[in-house]
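Engineer: give the three-dimensional model of this entry:
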Amino acid sequence: MSVDRLESALASDDPATGLWAVLALRRLAERVEANQVAAARRAGWSWQQIGDALGVTRQSVHVKYGK
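Structural biologist: All right, here's what the predicted structure looks like:
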C-alpha cells in the first residue's frame with residue numbers, strides 16, 4: 001500500500017475507496033501493534049504495562065499476543 005494511494009483514498013467521496021482505506025489502516029494498525037507489543041515484551045514490560053499503554057486490560061493483550 002502506498003502512502004499516496006492511501007492519502008488519496010482518505011479524501012475520496014467514493015464509499016468503495018473509503019472503505020478500502022479503512023481496511024488498509026486497520027491492517028497497518030494491527031501490524032504496528034503486534035510489533036510494538038513484541039518489542040515491549042522483549043524490553044521486559046509486563047502484560048499490565050502493555051495493556052495500560054494500549055488502554056485495554058492485561059488479559060485482553062495476553063489472550064491476543066501471549067503465544
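
Engineer: tell me the secondary structure for residue 35?
Structural biologist: Taken by DSSP: H, G, I helix; E, B strand; the rest coil, the conformation at residue 35 corresponds to helix.

Engineer: so what's it scoring on pLDDT?
Structural biologist: Confidence at residue 35, expressed as pLDDT, is 98.

Engineer: helices along the chain, start to end?
Structural biologist: With helices called from DSSP state H, the chain shows them at 3-10, 15-42, 47-54, 58-65.

Engineer: show me what contacts residue 47?
Structural biologist: 58-59, 61-62, 66 (C-beta atoms under 8 Å, 6 or more residues apart in numbering). Placement of C-beta: from N, CA and C, glycine included.

Engineer: let's go with 10 Å and repeat that
Structural biologist: Taking C-beta atoms under 10 Å, 6 or more residues apart in numbering, we find residue 47 in contact with 37, 40-41, 57-63, 65-66.

Engineer: mind giving me JSON lines with those and columns for distance to residue 19 and neighbour count?
Structural biologist: Output for those, formatted as JSON lines (distance: C-beta to C-beta, whole Å; neighbours: other C-beta atoms under 10 Å):
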{"residue": "37", "distance to residue 19": "27", "neighbour count": "21"}
{"residue": "40", "distance to residue 19": "31", "neighbour count": "18"}
{"residue": "41", "distance to residue 19": "33", "neighbour count": "16"}
{"residue": "57", "distance to residue 19": "30", "neighbour count": "13"}
{"residue": "58", "distance to residue 19": "33", "neighbour count": "16"}
{"residue": "59", "distance to residue 19": "31", "neighbour count": "12"}
{"residue": "60", "distance to residue 19": "26", "neighbour count": "12"}
{"residue": "61", "distance to residue 19": "28", "neighbour count": "23"}
{"residue": "62", "distance to residue 19": "31", "neighbour count": "16"}
{"residue": "63", "distance to residue 19": "28", "neighbour count": "11"}
{"residue": "65", "distance to residue 19": "27", "neighbour count": "15"}
{"residue": "66", "distance to residue 19": "32", "neighbour count": "11"}
